[in-house]
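[1] The sequence and its predicted three-dimensional model are supplied below.
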Amino acid sequence: DVKVTQSSRYLVKRTGEKVFLECVQDMDHENMFWYRQDPGLGLRLIYFSYDVKMKEKGDIPEGYSVSREKKERFSLILESASTNQTSMYLCASSLLSGVQETQYFGPGTRLLVL
Amino acid sequence: AQRVTQPEKLLSVFKGAPVELKCNYSYSGSPELFWYVQYSRQRLQLLLRHISRESIKGFTADLNKGETSFHLKKPFAQEEDSAMYYCALSGRAGSYQLTFGKGTKLSVIP
């Protein structure tokens, strides 16, 4: 059973703080993703990675960066948090293959930026 | 650009009634389409994918390329079907990204 875990379920940060969201998967998946989930907007892809140290911008990368130093871990970084980054953040992972594989999601981190 | 449209934010049906959650997509090539579901207090998970042509929890979805649709259907709704449903598309060759719709919240009334 694939397990994707996220370091925090809830976070409260102040404007301007640097924020780290951590995601770990235990199924040796090559692909990892960060989304934000907002009511009425659905899921929007922030960044993804298909290999260690590799990253690709998604649809809304502005204000975010990522780090993938190990295959199982994918970090999302908010360099200077702003109130419009208050959201639910979802991490996902999938196998690298010739077809689109199922994405497995973590439980989410609800971030509140004051 | 690829796009997924779910026209209904909220859909309420009575238990035992048929359910149809609409999904339309925009993509010039040959898409792969999925339905993901998120039950209350649970993580988002795959419900079904068109390539498998399967029925999961009584739900089916048929890809209609002529109408660019991938509607999710179930003949008899159950209370446990109440959840948030997202349609998703993977289109770009060699891409592992999914483009999600904005979601439809299904509420099954007892």
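    Noted; the coordinates are in hand.

[2] make it CA atoms for all contacts and neighbour counts henceforth
    OK.

[3] residue contacts, the residue lying closest to residue A:106 once chain neighbours are set aside?
    Nearest non-adjacent residue to residue A:106, counting by Cα to Cα, 6 or more residues apart in numbering or on different chains: residue A:4, 4.7 Å away. Going by Cα atoms under 8 Å, 6 or more residues apart in numbering or on different chains, residue A:4 touches A:23, A:24, A:25, A:26, A:91, A:92, A:93, A:104, A:105, A:106, A:107.

[4] Including pLDDT, could those residues go into a markdown table?
    Output for these, formatted as a markdown table (pLDDT from 0 to 100):
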| residue | pLDDT |
| --- | --- |
| A:23 | 97 |
| A:24 | 97 |
| A:25 | 96 |
| A:26 | 94 |
| A:91 | 97 |
| A:92 | 95 |
| A:93 | 93 |
| A:104 | 93 |
| A:105 | 96 |
| A:106 | 96 |
| A:107 | 95 |
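
[5] Just those residues: which are in strands?
    Among the contacts of residue A:4, the members found in strands (DSSP state E) are A:23, A:24, A:25, A:91, A:92, A:93, A:104, A:105.

[6] Determine the number of other residues adjacent to residue B:64.
    Counted by other Cα atoms under 10 Å in any protein chain shown, the residues lying close to residue B:64 total 11.

[7] pLDDT value on it, please?
    Looking at residue B:64, its pLDDT is 90.

[8] Looks like it contacts residue B:70 (just checking).
    Yes. Using Cα atoms under 8 Å, residue B:64 is in contact with residue B:70, at 6.3 Å.

[9] before we move on, back to that, keep only the ones in strands among the contacts of residue A:4 that also lie close to chain B.
    Near chain B, judged by Cα under 8 Å from any Cα of the partner chain, the entries from those are A:104, A:105.
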